[in-house]
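Asks: sequence first, predicted model second:
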Amino acid sequence: MVLKSVEKTRRETLTLAAMAGLALLIAPRMSLADEAAVAAEIKKLYGDKKLESGKIKLDVPEIAENGLVVPINVEVESPMTDSNYVKTVHVFADGNPLPGVVSYRFTPACGKAAASIRMRLAQTQNIVCIAEMSNGALHSVKANVKVTIGGCGG
Amino acid sequence: MISRREFLQATAAASALTVGGGVGQLGRVAAQQRLTQADITRFDPLGTVTLLYVTDIHAQLMPLHFREPSINLGVGEARGVPPHISDAEFRKYFKLATGSAEAFALTSDDFVALARNYGRMGGMDRVATLIGAVRAERGDDKVLLLDGGDNWQGSWTSLQTRAQDMVEVMSALRLDAMVGHWEFTYGAERVKEIADKAPFAFLAQNVRDNEWQEPVFEARKMFERGGAKIAVIGQALPRTAIANPRWMFPKWEFGIREEDLQKQVDESRAAGAAVVVLLSHNGFDVDRKLARRVKGLDVILTAHTHDAMPGLIRVGDTVLVASGSHGKFVSRLDIEVKDKKVAGVRFKLMPVFSDAIAPDPAMKALVERVRAPFAKDLARPIGKTDSLLYRRGNFNGTFDDVICHAMLAERDAEISLSPGFRWGATLLPGDAITWEDVTNATAITYPNCYRSQMTGAQLKEILEDVADNIFHPDPYFQGGGDMVRVGGMGYALDISKSVGSRVSGMVHLKSGKPIEAAKSYTVAGWASVNENTQGPPIWDVLAAHLAKAGAIRIEPNNSVKVTGA
């Protein structure tokens, strides 16, 4: 059922885009996560523990060229030694059907804590990254990615 | 933290008027009917390096009229600052006399009367004359000629020859390097073919293969002029894959790629560059932000947004040049290099007044030759206008009104949508409308005019998304261009709001009834970025309408109510 409804939505969307003379990437009429859903996921994992800024470099496009495959690159600054390394990196999206996107586990043997994925974004939304360090410290960063129709003036 | 006042520091603009002459004393001279080529080229040279810059020519080989916008709103940090000022405000800022030649070239009011007085602008044979004059004065070894892109698209001849006419013209001008945007709409294969074969460099640091992230084009090129090394880095329109049909270059991705650009700058310096130039199709507001964030750029040659400014805008140690469009201007930037660094710059925006400049005979012959196979067709009369027909403006253009009317009539639609393109020539009241005029406003590689059903909610979504592409307060989230033109429907737009809440009061003009979210409407439009869009090419739709409509008379268009500016 779910798959069927997604398919229909996508067809509707593409038809609309063709009609508009513009490319509307995705506009599903389905229930989507929000900021609160991402916050709830983080709370589930880490309770009310303080989130610090810094350390995480999150590289996403300001505007997605194709909302179906948006490149997300994340790298966390760390010496990656036995005593000081990045344990886990979680990626969340606050405008997709489910807030959780992916979780990476690292060990000092990884050498560096870096990962790249391409993900589908249903609409303009925030990508949130949480990095858990070996000493228990948590870092977070948030970036907005715009998903828009095409067409141009210049 | 840089204060607002500091980064808005546009004092260079005003001072450049005195330093470089701006467009100089043309107004007075012209009024006395003594406008000469010498007035236009007069320049007190500086240093040993001269950059000549043209951009957004949109394949216009012949002199034309092009009316600058009367409405060009800026948002966020760009609000109310150049280039987002127009008419009296623009003239005051740049110290231009009302009714002068420079006022005609750079502002929109009183356009018809001034156009009849000052004549057409541009023409590649005139551009060739100006470039030749500067090369003769400075010596070939001191001059670098650069093009900011949107060179290959915008005319019937460029469309029919798949840009071969422009490639030949730019090669004959001895262009050193260019960058791209509309170029990409000829498809990946054609762009690569030209980039590989042409005698000039096609530079783009921000175009990558989307599987391996490998560079598609040369990112930069080092030139030596006047004893100095000059690095030119190319920046294609970062939003090309959104603004134009991605299926035409399915393996390429774009983006601003600030960090990669910083690397290019640093490598250029390490390789001995005394001058680092960004040849940029970012658009002016994006470049203004980028100039604060990427360190070590001496010059940004801006493009895309078609702004023309008779002075430099300075951001930190970087100067920004805005050289207009359609061949109306050639920018000259003289650079003095001392101790392998830029020690001074002097600027002039040379207006290409076609009546004042003698055509370069060789270029005149070349232009005639490339146009010859199409000359008969280009001259074919299609219609006539009694109104001024122009494109530029954030919300409407009278030429767009004609296109919207044509789609409503010829495609039997309730509502029509026409993209907010900034290119296309202006026609004066009384002008015949030829096939050349029709295609100067429509010549693209994805011209099909569709006819479909759309709900009110879908129409609102489109207007909201396009508005956000123009009025997002952060230029990095903008897509460029102007608002989509709408026929048959009015609406209100509060540009100060955020996406989803800017558009209200949508109304079907003919019936006077509000647009209903759930109701379906018949909509015609063109320039869809989707593959396999069905419908006749827009030039045939427009020509059919013009042939039936008689002399075109456009009433003032008040169907978009704008607030929050």
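Replies: Great, that's in hand. Residues are numbered from 1 along each chain as shown, chains lettered A, B, ... in the order given.
Asks: state the helix or strand in which B:Val232 lies.
Replies: Secondary-structure assignment from DSSP states H and E places B:Val232 in strand B:228-235.
Asks: what's the mean pLDDT across that strand?
Replies: If you average the pLDDT over strand B:228-235, you get 98.
Asks: tell me what it is packed against?
Replies: strand B:49-54, strand B:143-147, strand B:177-178, strand B:201-202, strand B:220-225, helix B:258-270, strand B:275-280 (3 or more Cβ pairs under 8 Å, 6 or more residues apart in numbering or on different chains; DSSP states H and E). For glycine as for every other residue, the C-beta is placed from the backbone atoms N, C-alpha and C.
Asks: just say which of the ones you listed is most tucked in.
Replies: Comparing those by mean neighbour count (mean count of other Cβ atoms under 10 Å in any protein chain shown), strand B:275-280 comes out on top with a mean of 28.
Asks: quick one: that one near chain A?
Replies: No - legend: contact between strand B:275-280 and chain A by Cβ under 8 Å from any Cβ of the partner chain is lacking; minimum distance shown is 12.5 Å.
Asks: over to stretch B:286-304?
Replies: Yes - where contact is defined by Cβ under 8 Å from any Cβ, part of stretch B:286-304 touches chain A, namely B:His304.
Asks: could you measure from the residue in the stretch 351-500 of chain B that chain A sits nearest to over to A:Asn126?
Replies: Residue nearest to chain A within the stretch 351-500 of chain B: B:Gly481 (1.6 Å; Cβ to the nearest Cβ). Distance of B:Gly481 to A:Asn126, computed by Cβ to Cβ, to the nearest Å: 26 Å.
Asks: neighbour count: those two, which is higher?
Replies: B:Gly481 (24 against 16; other Cβ atoms under 10 Å in any protein chain shown).
Asks: how about the contacts made by the residue of the stretch 1-150 of chain B found nearest chain A?
Replies: Taking Cβ to the nearest Cβ, chain A has its nearest neighbour within the stretch 1-150 of chain B at B:Asp150, 6.8 Å off. By Cβ atoms under 8 Å, 6 or more residues apart in numbering or on different chains, the contact set of B:Asp150 is A:154, B:55-58, B:181-183, B:281, B:303-304, B:325, B:423.
Asks: the residues you listed: which two are farthest apart?
Replies: B:Glu183 and B:Ser325 (15.0 Å; Cβ to Cβ).
Asks: the more surrounded of those two?
Replies: B:Ser325 (29 against 25).
Asks: got the domain ranges for chain A?
Replies: A:1-30, A:33-147 (automatic domain parsing).
Asks: can I get those domains in a markdown table with distance to chain B and mean pLDDT?
Replies: Supplementary listing: the domains of chain A in a markdown table, determined by distance: least, Cβ to the nearest Cβ, whole Å; pLDDT from 0 to 100:
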| stretch | distance to chain B | mean pLDDT |
| --- | --- | --- |
| domain A:1-30 | 4 | 43 |
| domain A:33-147 | 4 | 95 |
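Asks: JSON lines please, covering those and showing distance to B:Arg332.
Replies: Compiled in JSON lines, these are given as follows (distance: least, Cβ to Cβ, whole Å):
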{"stretch": "domain A:1-30", "distance to B:Arg332": "39"}
{"stretch": "domain A:33-147", "distance to B:Arg332": "34"}
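Asks: indicate which one of those is closest to B:Pro419.
Replies: domain A:1-30 (6.9 Å).
Asks: point to the residue nearest the middle of chain B.
Replies: In chain B, the centroid-proximal residue (Cα atoms, centre = their mean) is B:His306; its distance is 3.2 Å.
Asks: and it, what does it touch?
Replies: Contact analysis of B:His306 by Cβ under 8 Å, 6+ apart lists A:154, B:56, B:324-325, B:392, B:422-423.
Asks: please enumerate the strands of chain A.
Replies: Using DSSP state E, the strands of chain A run over A:51-52, A:56-59, A:70-76, A:86-93, A:100-105, A:113-119, A:125-133, A:138-145.
Asks: which one of those lies nearest to B:Glu168?
Replies: Closest to B:Glu168 of the strands of chain A, according to Cβ to Cβ: strand A:70-76, at 38.4 Å.
Asks: who's in contact with that closest one?
Replies: For strand A:70-76, contacts defined as Cβ under 8 Å, 6+ apart pick out A:55-61, A:64, A:86, A:89, A:91, A:101, A:112-121, A:127, A:129, A:131, A:139, A:145, A:147.
Asks: and the closest residue to chain A within the stretch 201-350 of chain B, how many neighbours?
Replies: Nearest residue of the stretch 201-350 of chain B to chain A: B:Ala243, at 3.0 Å (Cβ to the nearest Cβ). Using other Cβ under 10 Å, B:Ala243 has 28 other residues around it.
Asks: one more: B:Thr398?
Replies: B:Thr398: 21 surrounding residues under other Cβ under 10 Å.
Asks: now do the contacts for it.
Replies: Here B:Thr398 is in contact with B:387-390, B:554, B:557 (Cβ under 8 Å, 6+ apart).
Asks: lowest pLDDT pick from those residues?
Replies: Minimum pLDDT across those is recorded for B:Asn557, with 93.
Asks: that residue against B:Gly393, yeah?
Replies: No - the criterion here is Cβ atoms under 8 Å, and B:Asn557 misses it with B:Gly393 at 9.5 Å.
Asks: out of these two, which sits in the more crowded spot?
Replies: With neighbours defined as other Cβ under 10 Å, B:Asn557 and B:Gly393 compare such that B:Gly393 has more, 23 against 18.
Asks: can you tell me the helix or strand for B:Ala88?
Replies: Under the criterion of DSSP H and E, B:Ala88 resides in helix B:87-94.
Asks: before we move on, back to that, so which of the contacts of B:His306 is the most crowded?
Replies: The most crowded member of the contacts of B:His306, judged by other Cβ under 10 Å, is B:Asp56 (31 neighbours).
Asks: leaving out chain neighbours, which residue sits closest to it?
Replies: Distances taken as Cβ to Cβ, 6 or more residues apart in numbering or on different chains place B:Ser325 nearest to B:Asp56, at 3.7 Å, with adjacent residues excluded.
Asks: next, the one you found: secondary structure please.
Replies: coil (DSSP: H, G, I helix; E, B strand; the rest coil).
Asks: for chain A, what are the nearby residues on the stretch 301-450 of chain B?
Replies: Applying Cβ under 8 Å from any Cβ, we find that the stretch 301-450 of chain B lies next to chain A at B:304-306, B:417, B:419-423, B:450.
Asks: just these: which are in strands?
Replies: Using DSSP E, the subset of these located in strands is B:417, B:419-420, B:450.
Asks: which of those residues sits closest to B:Ala103?
Replies: Of all those, the one sitting nearest B:Ala103 is B:Gly420; the distance, using Cβ to Cβ, is 25.2 Å.
Asks: so what's the residue count around the closest one?
Replies: 25.
Asks: any idea how far B:Ala303 is from it?
Replies: From B:Gly420 to B:Ala303 the distance is 17 Å (Cβ to Cβ).
Asks: so what's the closest residue to A:Val101 other than its chain neighbours up against?
Replies: Closest residue in space to A:Val101, ignoring its immediate chain neighbours: A:Val91 at 4.3 Å, by Cβ to Cβ, 6+ apart. Shown in contact with A:Val91 (Cβ under 8 Å, 6+ apart): A:72, A:74, A:101-103, A:117, A:127-129.
Asks: among those, which one lies nearest to B:Ile495?
Replies: Proximity of these to B:Ile495 (Cβ to Cβ) peaks at A:Ile127, which lies at 27.2 Å.
Asks: quick one, what contacts the closest one?
Replies: Counting by Cβ under 8 Å, 6+ apart, the residues that A:Ile127 touches are A:58, A:60, A:72, A:91-93, A:101, A:142-145.
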